Structures are given as C-alpha cells and as structure tokens.
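A.B. asks: model this:
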Amino acid sequence: MLDVWSRRIVGWAIGEQMTAELVLAALNMALQQRRAAGVIHHSDQGSQYTSVAFGERCRKMGVRPSMGTVGDAYDNAMAESFFATLECELIDRRKWETKTEARLALFTYIEGWYNPRRRHSALGHMSPANFERKHRAETCAPSKRSEHGIPTGGVCVASATPPVDIPAPELIEPT
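C.D. replies: Model prediction:
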C-alpha cells in the first residue's frame, strides 16, 4: 500500500499467491501506520480487491475502494511504478534461499532504503520520510501553534506516523 501524497510504502505483505488475505494484511498494516479514515484505495480489478472480505474491511475502516476499468492501469499506476522500481533495485539483483530471507530483504529495502532514503523527483528530490518530516516541521512550526505550544486543530498530531524499527537519520534536504 503506497501513500500517493508522500510516496511512502505504508503497508505490505508477501505470499506465494495473490489472495484476499494477502491484501488484507497489507491494508491492515497501512491502516495501523496511518490511522486514516476517509481515504481512497486505488487498485486494479483483481479478484483479491473485488473479494467480499476486502470490501467489508474497507467499509468497516472508512476506506473507499476505487478501481479502474478492466485493462487500464490508471488507478494503480503509482503502485505499478513502485513494483517496477522494486524489481530493478532489489529482485532482479538477488536470489533468496528461504521465504524468511526474501521477507527480510523486502523489509530492509522498504524500511531501510525506499521510505527513509530513496529520493523522488515528484517530492522535490526528497525521500518519502524526509518529505513527511519537512511537511510536519512546516505545519507544526511555532507560528502554527497556540500560545501554549500545542498544535492547533490537531494538524501536527494527526500527521505523525509511528517510528520504524530502525529509523532513518534526521536528514532534511535543503530547499
């Protein structure tokens, strides 16, 4: 699951087959990280996304599914772009002996490289983590706080994300 605004991968799961359970695991991870309601989930019309279980989970959590017509890739173009990048930067370069090794490599790629360090031209050549950090710093600047130093309107609190196991260094590229 990719956050379109920041290009951050917020939910993922791996398995041998593309099933509703697999996408539910990724959706649950994304919902736990973002705690967002009223969001749109873009996908193709794969059976895992059209399943009753996925639809029910989306309804329960306030997620609005959006699917393109059969044969077009517009709704999930960013996700397809991420998968192409993942293939080029990780999968095509390695082989793993076990599923555990593959899972660890994917975790390391997403949480150790892609989210905290990989720069995106659409984000002003910043990584997703630094883009979000910069936005929080600008949104939560002292001028945006009340006289008591508490963010007004909950803007800063709502945009915070939980830390990853190994956080990236506090680097914000100059603007």
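A.B. asks: list the contacts for residue 49?
C.D. replies: Contact analysis of residue 49 by CB atoms under 8 Å, 6 or more residues apart in numbering lists 23, 43, 65, 67. Every C-beta, even on glycine, is put in place using the N, C-alpha and C of the backbone.
A.B. asks: correction: the previous question concerned residue 23.
C.D. replies: 13, 48, 49, 54 are the contacts of residue 23 under CB under 8 Å, 6+ apart.
A.B. asks: check which helix or strand it maps to.
C.D. replies: helix 20-34 (DSSP states H and E).
A.B. asks: that helix: how far from the chain's middle?
C.D. replies: 10 Å (CA atoms, centre = their mean, to the nearest Å).
A.B. asks: next: stretch 120-128.
C.D. replies: 14 Å.
A.B. asks: dump it to CSV, restricted to CA.
C.D. replies: Output of stretch 120-128 as CSV, limited to C-alpha atoms (Å, rounded to 0.1, in the frame of the first residue of the first chain):
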residue,chain,number,x,y,z
HIS,A,120,11.7,11.1,-5.7
SER,A,121,11.7,13.9,-8.3
ALA,A,122,7.9,14.4,-7.6
LEU,A,123,8.8,15.1,-3.9
GLY,A,124,11.5,17.8,-4.8
HIS,A,125,14.2,15.1,-4.7
MET,A,126,13.4,14.1,-1.1
SER,A,127,12.7,10.7,0.3
PRO,A,128,9.2,9.9,1.5
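A.B. asks: now do the buried residues in it.
C.D. replies: Residues of stretch 120-128 classed as buried by neighbour count (16 or more other CB atoms under 10 Å): 120, 123, 126, 127, 128.
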